[in-house]
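In: need a 3D model of the sequence below.
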Amino acid sequence: MRPETSMNHDRQDARRDRAIRKGAEPQTARKQDDPFALGRVTAASVAAGAATGSSSLGGGLGAPIAMRNDISLMLLPVFVDGPGPIDAEFDGHRLRVYVEGDDGRMASPTDRKILNFLAGAIAARIRSGQAGSRHIRIETRPLIEALRADGVVGGAEYERLIASLKRLMGTVIETTMPLGDGVSRERRFRWVDAYEHDNHTTSGGKSILSLQITLSDDAFMWMTRTLGFEVAQPEFAAVTASRSSAWRIYEICFAQLIQAKSATSAIHIDDLRRRVPISAPLKVFKSRTLRTAMETIAATPEMNAHIRLLLERRTPKGFEEVDFAKRVSHDDLFVRIMRGRRAWPAMNVLLSQADAVTALARA
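Out: Just a heads-up that it's a prediction; the model follows:
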C-alpha cells in the first residue's frame, strides 16, 4: 500500500466555499471532492511558508518548539471527549473513529495536543536542514510543559502523558471515499504505532527521562503534507485553556474562514455541531455549548484577534443577527465568521509528496 493518507487519494484537493456575503445564499453544503483533503496546497501558500520558515514560530531545535496545527485536523471530528464512537458523513465521504484498547477510551482533544507538539517538532527538524522522520525522540519535560497551561510538571503528569499515548495508539480512524462508478476506497489507520521511554527511579518515585514516539505512516503524511501553520506555545496554551468544545468551535470557524479566503464566511450550526463533535440536540447545542463558546472567544484576546462570531438567521432578504433567547428555526441558523484584526499565520506544507515518501522509506 502506498504511504499516503486518506487526504491524498488520487483526488483533487477539496474546494471550500467562497466568501459568504450578507444577503447571499450560504454555500456550506457545496460538494467537496474529498473532505479529508481540506488543507489545499497552493504554490503561493508554500512560498509564503518558505519565506517565514526561520521565524521564531517555526522554531529551531534550540528554541521552544511551536505547536503546529493544520486545516484538516481543525475541521474534521476525529477526537471526542467521551466514549465514542464517531460516525460522520460529509458529501458521501464516511468517517468512523472508534477505540481498540484496554481502557476503552478514545483519544480526546486534549490528547491531540501531543500531535500538535510532534508536528511542531517535525517542522523544526526539517527547517533546521535535517531529514524528516516519523520517529521522534524528545525530552518529556518540554512536552509536558507545552501541554499544561500552568506549566506544572510532576509524577501525575508523566502518567497522564503515557495514558494519552495509549489512547492515540488505540484509536482507529476509518475512512470511505467514493471513487466513482460504484467503486469506493476504504482506509484504516492509527495516529501512533509505538513509543518507548527511559525511566529514572529514585526513592522519590519514577520519572521519564526521554521518550521516542513512532507515528504511523498515515499520521506522518498527514502532518507533513497537509496545509498548516505554527502557533507559539503561549498562544496555543491560551486558546486551549478553555473548555475543549469552545476551542474546537474557535478552530473550526477559523479554518472555515481561512478556506474561504475572505473577510467573512458562515457555517450552519448543525455542520458546526457535527464537526466538534457533540451529540446533544441542536437546541441544547445552541443555547449552551455555542453560546458559551462565543462568549469565550469574545473574551479571549488570542481568539478574537483572529475571528469574531455572530449568530444569524437566514431570511428571504438575506441574513440578520438574532439573539440567543429568540426562538428561530434551526434550519435557518448560521454562525457568521468575520476576520479579526490580526494577520493570519503563514500557511505552508512541510514536505513535497516525493520527499515525504522518501522520508518514510528511510524509516
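In: show me where the stretch 1-150 of the chain has its strands.
Out: 67-70, 86-90, 93-99, 135-139 (DSSP state E, counting those that start in this stretch).
In: now the shortest one: average pLDDT?
Out: For strand 67-70, the mean per-residue pLDDT is 96.
In: could you count how many residues lie near Tyr195?
Out: 17 (other CB atoms under 10 Å). C-beta coordinates here come from the backbone N, C-alpha and C atoms, glycine included.
In: pLDDT value on it, please?
Out: At Tyr195, pLDDT is 95.
In: please name the nearest non-neighbouring residue to Glu89.
Out: Nearest non-adjacent residue to Glu89, counting by CB to CB, 6 or more residues apart in numbering: Leu95, 7.1 Å away.
In: same check, this time on Lys206
Out: Closest to Lys206 by CB to CB, 6+ apart is Asn199, at 5.4 Å.
In: which strands and helices sit next to the helix or strand hosting that neighbour?
Out: Here Asn199 sits within strand 192-202, counting by DSSP states H and E. With contacts defined as 3 or more CB pairs under 8 Å, 6 or more residues apart in numbering; DSSP states H and E, strand 192-202 has these neighbours: helix 155-170, strand 205-215.
In: save these as CSV, and put in mean pLDDT too.
Out: Putting the helices and strands packed on strand 192-202 into CSV (pLDDT from 0 to 100) gives the following:
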stretch, mean pLDDT
helix 155-170, 88
strand 205-215, 85
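In: closest to Ile297 out of the ones you listed?
Out: Judged by CB to CB, the one of those that comes nearest to Ile297 is helix 155-170, at 25.8 Å.
In: rewinding a little: may I see the strands of the stretch 1-150 of the chain organised as TSV, with mean neighbour count and distance to Trp344 added?
Out: Shown next, in TSV, are the strands of the stretch 1-150 of the chain (neighbours: other CB atoms under 10 Å; distance: least, CB to CB, whole Å):
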stretch	mean neighbour count	distance to Trp344
strand 67-70	26	12
strand 86-90	16	24
strand 93-99	18	27
strand 135-139	15	27
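In: touching, His93 and Thr176? I think so.
Out: Yes. Counting by CB atoms under 8 Å, His93 touches Thr176, with 6.9 Å between them.
In: list the contacts for the residue lying closest to Ala238 once chain neighbours are set aside?
Out: Spatial nearest neighbour of Ala238, chain neighbours left out: Glu302 (4.3 Å); criterion: CB to CB, 6+ apart. Shown in contact with Glu302 (CB atoms under 8 Å, 6 or more residues apart in numbering): 235, 238-239.
In: same check, this time on Ser207
Out: So Ser207 contacts 140, 155, 158, 199-200 (CB under 8 Å, 6+ apart).
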